[in-house]
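>>> Sequence and predicted structure, then a few things I'm wondering about:
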Amino acid sequence: GSLVAIIETDGDRSDQARRDFPNVLINCTGSDYDATAIATPPETHYQVARQVLLAGKDVFIEKPMTTSYREALELTELAEGKGLNLMVGHIYLHNRGIQRIPIPVGKAELYVQLLNEGEGPSPSTVDSLWAGIPHACSLALHFFPDKPTSVKVKREGDRIRVAVHYWNGSMAFFDVGNNTGRRLRRVELREVDCRYMFDAAEPDITVFLDGAGKRVAKSEIAEEPLMTECSTFLKYKGVDPMGLKVMGLIDRIQREVGRENDTP
């Protein structure tokens with residue numbers, strides 16, 4: 001795969017793109033490309049993706065897929081109806097460290113901490129609901145594919161804490177937020193006799209075994225997760241079911257936040 005075209009509505013950025021990428025088409029309207037990667041603010045994902053799908057092109061959308069379950073469902077049905085490929089960028093699922101953690105076969109607990117020291121790396125990540133929650137939801141759905149029995153949410157300003165309960169007693173806990181005073185990217189899975197710790201600041205996975213201390217699972221050399229994600233998209237066929245599933249869980253979280261705000 002190679003970069004063929006950039007579509008940018010801001011005049012200054014279009015001029016900059018022409019200087020930075022002299023061999024790439026800028027604001028093209030032709031049909032000389034096969035797929036589009038959408039990396040615009042979350043609230044624009046639905047409209048941009050819909051236009052691209054209607055034009056008959058495969059689509060990769062950065063997370064979140066949209067900002068509502070209804071919009072995500074419509075894009076899914078549109079892509080399926082046209083036989084197009086549609087994939088959402090849940091990059092943690094392409095991280096070799098996360099892939100080294102086994103899927104639990106019984107009761108387990110998942111802890112996801114995604115904290116930013118300030119407001120976040122870009123304007124599109126100012127709202128924690130669209131910055132870290134999609135990542136956390138994709139991780140929960142990866143390790144616990146069953147439908148949750150309940151979802152409880154506590155939002156305090158830029159920080160959101162979520163507890164997801166499952167029928168077999170498993171639970172997933174999210175702690176996501178901006179302006180927390182520290183940066184943290186940590187995922188921990190706890191089972192009966194061991195727990196697995198992934199920290200984005202470390203290249204390896206630490207495995208804690210009850211009664212036997214701990215050991216480190218060395219990560220072999222692998223592609224950077226973004227490269228793996230892009231390679232996966234180029235080979236992807238059909239519609240990625242994770243995109244719609246994540247939006248379904250986010251929809252439940254949104255409703256719980258709304259109920260909390262309505263409480264006197």
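Ah, there it is.
>>> so who does the residue nearest the centre of the chain touch?
By CA atoms, centre = their mean, the chain has its centre lying nearest to His90, at 3.2 Å. Residues near His90 by CB atoms under 8 Å, 6 or more residues apart in numbering: 63, 134-135, 138, 242-243, 246. Backbone N, C-alpha and C define where each C-beta goes, glycine included.
>>> try 6 Å
Taking CB atoms under 6 Å, 6 or more residues apart in numbering as the criterion, His90 is in contact with 63, 138, 242.
>>> Which of the three states applies to the last one?
Three states are possible here, and by DSSP: H, G, I helix; E, B strand; the rest coil the one that applies to Met242 is helix.
>>> Quick check: what element follows the worst-scoring helix or strand of the chain on mean pLDDT along the chain?
Among the helices and strands of the chain, strand 214-217 carries the lowest confidence by mean pLDDT, DSSP states H and E, at a mean of 65. Using DSSP states H and E, the helix or strand that follows strand 214-217 towards the C-terminus is helix 225-235.
>>> quick one: low-confidence parts of the chain?
The model of the chain has pLDDT under 70 over residues 1, 28-32, 120-126, 203, 210-222, 260-264.
>>> Strands of that one, start to end?
For the chain, the strands defined by DSSP state E cover 5-6, 25-26, 35-38, 58-62, 86-89, 109-115, 150-156, 159-165, 171-177, 184-190, 194-199, 205-209, 214-217.
>>> before we move on, the earlier item: distance to Gly106 added to the contacts of His90, as TSV?
Below are these laid out as TSV (distance: CB to CB, whole Å):
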residue	distance to Gly106
Lys63	29
Ser138	22
Met242	23
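>>> What's the local residue count around Asn168?
Neighbour count for Asn168, taken as other CB atoms under 10 Å: 12.
>>> my bad, should have said Thr228
Applying other CB under 10 Å, we find 17 residues neighbouring Thr228.
>>> Might one say that Gly132 is in contact with Val176?
Yes. Gly132 is in contact with Val176 according to CB atoms under 6 Å; the separation is 3.5 Å.
>>> Tell me how far stretch 71-86 lies from the chain's centre.
What separates the centre of stretch 71-86 from the centre of its chain is 18 Å, taken as CA atoms, centre = their mean, to the nearest Å.
>>> How about residues contacting it?
Residues outside stretch 71-86 that contact it (CB under 6 Å, 6+ apart) are 46, 49, 53, 58-59, 65-66, 236, 239, 244, 247.
>>> make it 7 Å
46, 49-50, 53, 56, 58-59, 65-66, 236-240, 243-244, 247 (CB atoms under 7 Å, 6 or more residues apart in numbering).
>>> buried sites along it?
Neighbour-count burial for stretch 71-86 flags 71-72, 74-76, 78-79, 84-86 (criterion: 16 or more other CB atoms under 10 Å).
>>> Would you mind giving those as JSON lines with distance to Gly169 added?
Converted to JSON lines, these look like this (distance: CB to CB, whole Å):
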{"residue": "Glu71", "distance to Gly169": "34"}
{"residue": "Ala72", "distance to Gly169": "29"}
{"residue": "Glu74", "distance to Gly169": "35"}
{"residue": "Leu75", "distance to Gly169": "34"}
{"residue": "Thr76", "distance to Gly169": "31"}
{"residue": "Leu78", "distance to Gly169": "38"}
{"residue": "Ala79", "distance to Gly169": "36"}
{"residue": "Leu84", "distance to Gly169": "40"}
{"residue": "Asn85", "distance to Gly169": "37"}
{"residue": "Leu86", "distance to Gly169": "34"}
